[in-house]
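Asker: Provide a 3D model corresponding to the input given below.
(chains A and B)
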Amino acid sequence: MGKLLRVDVAKQEIRFEEMGAYENLGGRALTSTIVSKEVPPTCHPLSENNKLVFAPGLLTGTMAANAGRMSVGAKSPLTGGIKESNVGGTASARLAKLGIRGIVVEGKPEKGALLYLVLNKDGATLHPADEYRGMKNYDVVAKLHEKHGEKAAVISVGPAGEMKMSAASVAVTDTNGRPSRHAGRGGMGAVMGAKGLKAIVVDGTGGPGAAVQDKEAFKEAARVFRTALTTHDLTKDGGGLAVYGTNVLANVINEAGAYPTRNFNEGQFEGVEKISGETMHDTIVERGGETTHTGCTGCIIHCSNVYLDKNKQYLTSALEYETVWANGANCGIDDLDAIAQIDRLCDDYGLDTIEMGCAIGVAMAGGLKAFGDAEGAIELMHEVGAGTPLGRILGNGASVTGQAFGVDQVPVVKRQSLPAYDPRAVKGIGVTYATTPMGADHTAGYSVAMNVLNVGGFTDPLSPEGQAEISQSLQVATAALDTAGLCLFVAFATLDIPEGFEAIPKMLNARYGWDLTPDDVLQLGKDVLTMERDFNLAAGLTSQDDRLPDFFKEKKLAPHNVVFDVPDAELDKVLRF
Amino acid sequence: MKVTAKLFATLRDHAPLGSSGRAFEVEAAAGATVQELLDAWEIPGDMPLLILVNSVHATRDHVLRDGDVLAVFPPIAGG
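Answerer: As a prediction, the model looks like this:
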């Protein structure tokens, strides 16, 4: 059931196809399978041979809670390997409502051609997008909403994607219609820009809806699943995520001595109080913003927020832990308003906030600006948005920036920047950074849960023991969740509440008439990872790319004075099943 | 003995008046455990907590020493 939509940007042609061999796939399994089968691993990621795939998950569009995620896949111009970049917002559920299981964008436009795609119950149409050329995301979303209705979801790239920068993101509108959700990692915005696709408008009104074979069984499984989320301390109403958002982590990670400060030089930031989740909460409340906000369709956790500036004007939404860290502590910046401004600029120009924060941190290490120079960081963001030569260096990420400025401490794996946990003090996440096919990625196998947060057990973050095991099991479970279209935060509840996890195959079985066990679901995750690893090998990556930069193994991190010491032999076993 | 304490997120309300969001000094008897301080702050016994002493994971029955830094969090997560 459902269709695959193929968009040929060279011929400017669209066609709907049966799923065929891709019938039982969704989300990350669908994007990674299509990329593996249809994209030559050695192609240039900006060329006509790369394909950009959008896919709702296997549960997206149903009444399952927190199933509104979308996978965006291609060969990454940043890592040179396969990428699945995951995003929430409102587009995925609407695609599912229209019966669209995936969109495959192929080819390369005739020089200069820029298009946008409109999807609704009547089908799919391509339109010229010249009047939107160079527009920032907030502006183009406003214009498309004027033309196609406020209720339409919009997927778009900003100037950074049009300029094909490797840190460019794909934006998706949130439940307020703002482009605050991003498929940030790995330059998917650059691929979309290279294909001359400025936006996709998705209006689900009147669509057939997501079909469910056994409605009663589905309803029951969805009820059990929902109960797991509403009872677990982390995901429940009034829980930490709902009240403080993801930035509640700042103080925990800082206290644990793992908060990367000034380009991963130290593990604690003296300015953390000014940028913590608690301070952000209090600031938002004082100014009349929203501390509990729903970014994504079908979410019952509500981790998002709406941040107003000091004049109580809207500034940005979904100000996340990673963003605050990357453009805060990592740059020595303790000015929350400046960080919120940078978040807004990243959302508008269409950039990965992690990659940008790390690029700026590396540039500071290289002497371009001083650590702590908030105004300087904002200036650099504008350079990126304007596409100046300096902006083009920074907008292509930390690795390119490090090379340009002669920096020898560049925190990347497979050229993708490390996120907000120092691997020396959280060794389980270090294993994930090194071994996931995605490049340094925290969501790919969130070992922080067991290393720091006491979720799913406790594994000492400062010891090399047991880290490969937890990273492996989390990477497998995550690949499965990404395939289902589920928000990763459901893992916090399902890791602790077995009936919650078991409800996932039950919902899949009720929807599709399958017979999966929980083990089958995990096998699906393993199959996805194996396929991704094989693509990377064929693309020229080797086990030498499954390593952290040497400085993590040599420079001791205060306050624990630790180095990353999980042996290479253990890293090499993580994705061998 | 003196212990520096920090209570975070929803636990801020349990900190002594005037010290919300900041580290505060606690006078405790030698050999006091984390649990005894939690009791003094009226933090519920059945609430799952994340406890760090000198940046290292600890449990409620951990015995504190002079100069320790105690950080306590309610159940929180992020990404």
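Asker: got the contact list for the residue sitting nearest the centre point of chain B?
Answerer: Nearest to the mean C-alpha position of chain B, by Cα atoms, centre = their mean, lies residue B:72 at 4.3 Å. The contact partners of residue B:72, by Cβ atoms under 8 Å, 6 or more residues apart in numbering or on different chains, come to B:5-8, B:11, B:34, B:38, B:43, B:49-52. In this view, the C-beta of every residue, glycine as well, is placed from N, C-alpha and C.
Asker: per-residue confidence for it?
Answerer: With respect to pLDDT, residue B:72 scores 96.
Asker: still on that earlier bit, so of the contacts of residue B:72, which ones are in strands?
Answerer: Counting by DSSP state E, these place B:5-7, B:50-52 in strands.
Asker: Looking at the residues you listed, which is nearest chain A?
Answerer: Using Cβ to the nearest Cβ, the shortest approach to chain A within the ones in strands among the contacts of residue B:72 belongs to residue B:52, at 5.0 Å.
Asker: Now do the closest one: how many residues are near it, please.
Answerer: Around residue B:52 there are 19 other residues, counting by other Cβ atoms under 10 Å in any protein chain shown.
Asker: Against residue A:28, how distant is residue A:560?
Answerer: According to Cβ to Cβ, to the nearest Å, residue A:560 stands 34 Å off from residue A:28.
Asker: ok so, going back, phi, psi for the residue nearest to the centre of chain B please.
Answerer: phi -130, psi 130 (degrees, to the nearest 10).
Asker: Residue A:55 too?
Answerer: Backbone torsions for residue A:55, taken as degrees, to the nearest 10, come to phi -150, psi 120.
Asker: give me the subset of the ones in strands among the contacts of residue B:72 touching chain A.
Answerer: B:6, B:50, B:52 (Cβ under 8 Å from any Cβ of the partner chain).
Asker: Please say which of residue A:560 and residue A:28 ends up with more neighbours.
Answerer: Using other Cβ under 10 Å as the criterion, residue A:560 and residue A:28 rank with residue A:28 on top: 30 against 20.
Asker: what comes into contact with the host helix or strand of that one?
Answerer: Here residue A:28, judged by DSSP states H and E, is contained in helix A:27-38. With contacts defined as Cβ under 8 Å, 6+ apart, helix A:27-38 is touched by A:22, A:25, A:51, A:53-58, A:60, A:69-75, A:82, A:84, A:86, A:101-102, A:104, A:479, A:482-485, A:524, A:527-528, A:531-532, A:534-535.
Asker: Kindly report the same for stretch A:272-283.
Answerer: Here stretch A:272-283 makes contact (Cβ under 8 Å, 6+ apart) with A:243-251, A:254, A:259, A:291, A:305, A:307, A:319, A:321, A:324, A:328-329, A:333-336, A:339, B:8-9, B:12, B:21-22, B:78.
Asker: among the residues you listed, which are in helices?
Answerer: A:243-244, A:249-251, A:254, A:321, A:324, A:336, A:339 (DSSP state H).
Asker: Tell me the most packed of the ones in strands among the contacts of residue B:72, by neighbour count.
Answerer: residue B:7 (26 neighbours).
Asker: Now for the residue nearest to residue A:44 when sequence neighbours are not counted: which residues touch it?
Answerer: Distances taken as Cβ to Cβ, 6 or more residues apart in numbering or on different chains put residue A:50 closest to residue A:44, at 7.3 Å, once the chain neighbours are dropped. Residue A:50 makes contact with A:39, A:43-44, A:74-75, A:191, A:194, according to Cβ under 8 Å, 6+ apart.
Asker: And residue A:50, how far from residue A:22?
Answerer: Note on residue A:50: its distance to residue A:22, by Cβ to Cβ, is 18 Å.
Asker: Helices along chain B, start to end?
Answerer: Under DSSP H, chain B gives helices at B:34-40.
Asker: and the helix or strand residue A:503 falls within, average pLDDT?
Answerer: Here residue A:503 sits within helix A:498-512, counting by DSSP H and E. Mean pLDDT, computed over helix A:498-512, is 96.
Asker: which SS class is the residue lying farthest from the centre of chain A?
Answerer: Most distant from the centre of chain A: residue A:216, at 33.2 Å, with distances by Cα atoms, centre = their mean. The three-state assignment at residue A:216 reads helix, by DSSP: H, G, I helix; E, B strand; the rest coil.
Asker: for the one 4 residues further on, same thing?
Answerer: Remark: residue A:220 carries the secondary structure label helix [criterion: three-state DSSP].
Asker: Give me the distance between the residue nearest to the centre of chain B and residue B:60.
Answerer: From residue B:72 to residue B:60 the distance is 10 Å (Cβ to Cβ).
Asker: For the stretch 401-550 of chain A, what lies in contact range of chain B?
Answerer: Within the stretch 401-550 of chain A, the positions near chain B by Cβ under 8 Å from any Cβ are A:442-443, A:446, A:449, A:452-455, A:458, A:460-462, A:488-489, A:492.
Asker: at 6 Å instead, please
Answerer: A:453-454, A:492 (Cβ under 6 Å from any Cβ of the partner chain).
Asker: coming back round to it: list the buried residues for the very next helix or strand once past the helix holding residue A:503?
Answerer: Using DSSP H and E, the helix or strand that follows helix A:498-512 in sequence is helix A:518-538. Buried positions in helix A:518-538, judged by neighbour count with 16 or more other Cβ atoms under 10 Å in any protein chain shown: A:521-522, A:524-529, A:531-533, A:535-536.
Asker: Dump those residues to CSV, plus pLDDT.
Answerer: Listed next are these as CSV, based on pLDDT from 0 to 100:
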residue, pLDDT
A:521, 94
A:522, 94
A:524, 96
A:525, 97
A:526, 98
A:527, 98
A:528, 98
A:529, 98
A:531, 98
A:532, 98
A:533, 98
A:535, 98
A:536, 98
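Asker: closest to residue A:507 among the residues you listed?
Answerer: Nearest to residue A:507 among these is residue A:521, at 10.5 Å by Cβ to Cβ.
Asker: wait, isn't the closest one in contact with residue A:479?
Answerer: No. The pair residue A:521 and residue A:479 fails to qualify as a contact (Cβ atoms under 6 Å) at a distance of 9.9 Å.
Asker: List the beta-bridge partners for residue A:7.
Answerer: Per DSSP bridges, the residues bridged to residue A:7 are residue A:14, residue A:105.
Asker: What about it, how many residues nearby?
Answerer: Neighbourhood size, residue A:7 [other Cβ under 10 Å]: 24.
Asker: Checking residue A:119 next. Helix, strand or coil?
Answerer: Under three-state DSSP, residue A:119 comes out as strand.
Asker: Please name the residues that touch it.
Answerer: Contact analysis of residue A:119 by Cβ atoms under 6 Å, 6 or more residues apart in numbering or on different chains lists residue A:202.
Asker: Mind doing that once more with 7 Å?
Answerer: Taking Cβ atoms under 7 Å, 6 or more residues apart in numbering or on different chains, we find residue A:119 in contact with A:98, A:100, A:200-202.
Asker: What of residue A:177?
Answerer: Residue A:177 touches A:141, A:145, A:150, counting by Cβ under 7 Å, 6+ apart.
Asker: Which helix or which strand is home to residue A:126?
Answerer: According to DSSP H and E, residue A:126 maps onto strand A:123-128.
Asker: List the buried residues for that strand?
Answerer: A:124, A:126-127.
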